[in-house]
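Colleague: Turn this into a model:
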Amino acid sequence: MTDLTTLSYTAEHEWIARDGDVATVGITDFAADKLGDVVFVDLPAVGTAVTAGDVCGEIESTKSVGELYSPITGEVVEVNTALDDDPSVINSDPFGAGWLVKIRGTESTPLLDRAAYEALTDGDA
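Modeller: Presented below is the predicted three-dimensional model:
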């Protein structure tokens with residue numbers, strides 16, 4: 001299990017795990033729960049330039065379609081292709097196997113620590 005206190009979060013419900021200049025990005029369990037059963041993801045291709053705060057993908061569920069916002073400016077260096085076959089992993093393991101993309105870059109949107117993210121979600125995170 002990932003130590004959720006070591007991650008950073010966005011107000012749009014993405015989580016970020018940094019490893020040098022590469023950030024692994026996913027959506028939080030709070031977001032996955034609000035979306036419902038995820039049935040499809042549309043993620044940017046490797047090599048795509050993304051800008052912090054801009055939409056870079058979509059997550060479709062049985063209830064709605066949610067947008068994925070890039071938390072950092074940079075280049076997509078890896079995409080979780082396992083989600084093509086089983087997007088429901090986002091619901092079952094959002095902080096592990098349900099990661100979405102890896103982005104190389106540095107400039108980021110304002111990020112929250114775990115306590116601030118939990119306050120944002122009224123403790124439902």
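Colleague: Could I get the buried residue list for the worst-scoring helix or strand of the chain on mean pLDDT?
Modeller: Of all the helices and strands that make up the chain, strand 101-108 has the lowest average by mean pLDDT, DSSP states H and E, namely a mean of 90. Taking 16 or more other C-beta atoms under 10 Å as the neighbour-count basis, strand 101-108 is seen to contain the buried residues V101, K102, I103, G105, S108. In short, each C-beta sits where N, CA and C put it, glycine included.
Colleague: just stretch 115-125 next, same as before
Modeller: Residues of stretch 115-125 classed as buried under the neighbour-count rule (16+ other C-beta under 10 Å) are Y117, E118, L120, T121, A125.
Colleague: Check which helix or strand the closest residue in space to E60 that isn't next to it in sequence maps to.
Modeller: The shortest distance from E60 to any residue that is not its chain neighbour, by C-beta to C-beta, 6 or more residues apart in numbering, is 4.1 Å, and that residue is F40. F40 belongs to strand 38-42 when elements are defined using DSSP states H and E.
Colleague: ok, that strand: who's next to it in the sheet?
Modeller: strand 55-61 (antiparallel) (DSSP bridges).
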